[in-house]
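**Q** build me a model:
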Amino acid sequence: MLAVTMGDGNGVGPEIILNSFLKGELASEKYAIVGDYSVLEHCGRLLGLSVPLHKMASLEDTEEGALNIYDLGLLKAEDITPGQISKTVAAASREYVAEASRLALQDKFSALVTLPVNKEAIRLSDPDFTGHTELIAGICGQTNYTMMLASEKLTVTHVSTHVSMEQSIRNCKKDRILNVIRLTNDALARFKDQPRIAVAGLNAHAGEGGAFGRQEIEEINPAVEAAKAEGIAAFGAIPPDTVFLRAYKGEFDAVVCMYHDQGHIPMKLLDFEGGVNVTLGLKVVRTSVDHGTAFDIAYKGIASTGSLAAAFEYGRKIQNPAK
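**A** Okay, the predicted model is just below:
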């Protein structure tokens, strides 16, 4: 069973769930919505969406043909103020993720598919909150993980993400790069034989033999060679100005990037709406929509369901096998 967390109740999460159900985009797998029944009922009523809702008495209590909701009972309809920041609503959105993660660690869920939360709002009750990934990692007791952005057009993973450029250069170390190559290979190997993984250089022209920097010589290339010695089909360091085109044309299945924008820019240029955010390396498999709470269009019934459909499908493909 997959868990789909509802996201911030004042954002687009509830309507995306309801509309995605009506389109049949969530019909391919057993799943449960982890959130608040009252919020989804309220959203459906406001938007005139006739979705059959089933409040689950337990995770085993599913009803065919209905949207099965594992109700945490944290919010009432009157708590919802569409498009506005709310400490109460945001705290509930955090708890949906935390509870789904705890249940996944107990093998009750095989993967989490998360809808967006509002970080600013959550920090009103949890000042140290930085995001889904860090919250789930803390519950798992892990620090070794990375971000993948995946779509049918391009897949990238990252050695560094939300740090300064200066820090990303310091993070460009053999052990970290090798670990990201391994995580990328392990994820893709769940549904693809012998994934081909390109590793981007850090510097222009991948350093051009040390003329523009030595990270390729001292850190990146040794990591690639170590990966090859483990039987991974790794290639690099490849100049970053050509590696994404080569991957887009089908030469590689994924590109390991050295810093945040190196991967995000080509990914969002090629497939802004179809991209899926995947967290690799945790005990809990997690995919996410690649957009925010979109408070400006919440409860207007116009939010796209495409990213949820893509995240749900990717979660299905890489979910943990039943034990």
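**Q** contacts, neighbours, all on C-alpha from now
**A** Fine.
**Q** any stretches of the chain with poor pLDDT?
**A** For the chain, the stretches flagged by pLDDT under 70 are 28-29, 321-323.
**Q** how about the helices of the stretch 1-150 of the chain, start to end?
**A** Assigned by DSSP state H, counting those that start in this stretch, the helices in the stretch 1-150 of the chain fall at 13-22, 37-47, 87-105, 119-122, 132-140.
**Q** strands of the stretch 101-250 of the chain, residue ranges please.
**A** Remark: strands assigned in the stretch 101-250 of the chain by DSSP state E, counting those that start in this stretch are 111-114, 146-150, 155-158, 196-200, 233-238.
**Q** domains in the protein, by residue range?
**A** Domain ranges of the chain: 2-144+282-318, 146-270, per automatic domain parsing.
**Q** put together a markdown table for those, with distance to residue 276 and mean neighbour count on each row.
**A** Output for the domains of the chain, formatted as a markdown table (distance: least, Cα to Cα, whole Å; neighbours: other Cα atoms under 10 Å):
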| stretch | distance to residue 276 | mean neighbour count |
| --- | --- | --- |
| domain 2-144+282-318 | 5 | 20 |
| domain 146-270 | 5 | 19 |
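**Q** I'd assumed residue 211 was in contact with residue 204.
**A** No. Taking contacts as Cα atoms under 8 Å, residue 204 lies outside contact range of residue 211: 9.5 Å.
**Q** in JSON lines: the helices of the stretch 1-150 of the chain, plus distance to residue 6.
**A** Conversion of the helices of the stretch 1-150 of the chain to JSON lines gives the following (distance: least, Cα to Cα, whole Å):
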{"stretch": "helix 13-22", "distance to residue 6": "6"}
{"stretch": "helix 37-47", "distance to residue 6": "9"}
{"stretch": "helix 87-105", "distance to residue 6": "7"}
{"stretch": "helix 119-122", "distance to residue 6": "14"}
{"stretch": "helix 132-140", "distance to residue 6": "13"}
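**Q** between these, which one is nearest to residue 231?
**A** Closest to residue 231 of the helices of the stretch 1-150 of the chain is helix 132-140 (Cα to Cα; 28.1 Å).
**Q** roughly how far is that closest one from the heart of the chain?
**A** Averaging C-alpha coordinates over helix 132-140 and over its chain gives two centres that are 12 Å apart (Cα atoms, centre = their mean, to the nearest Å).
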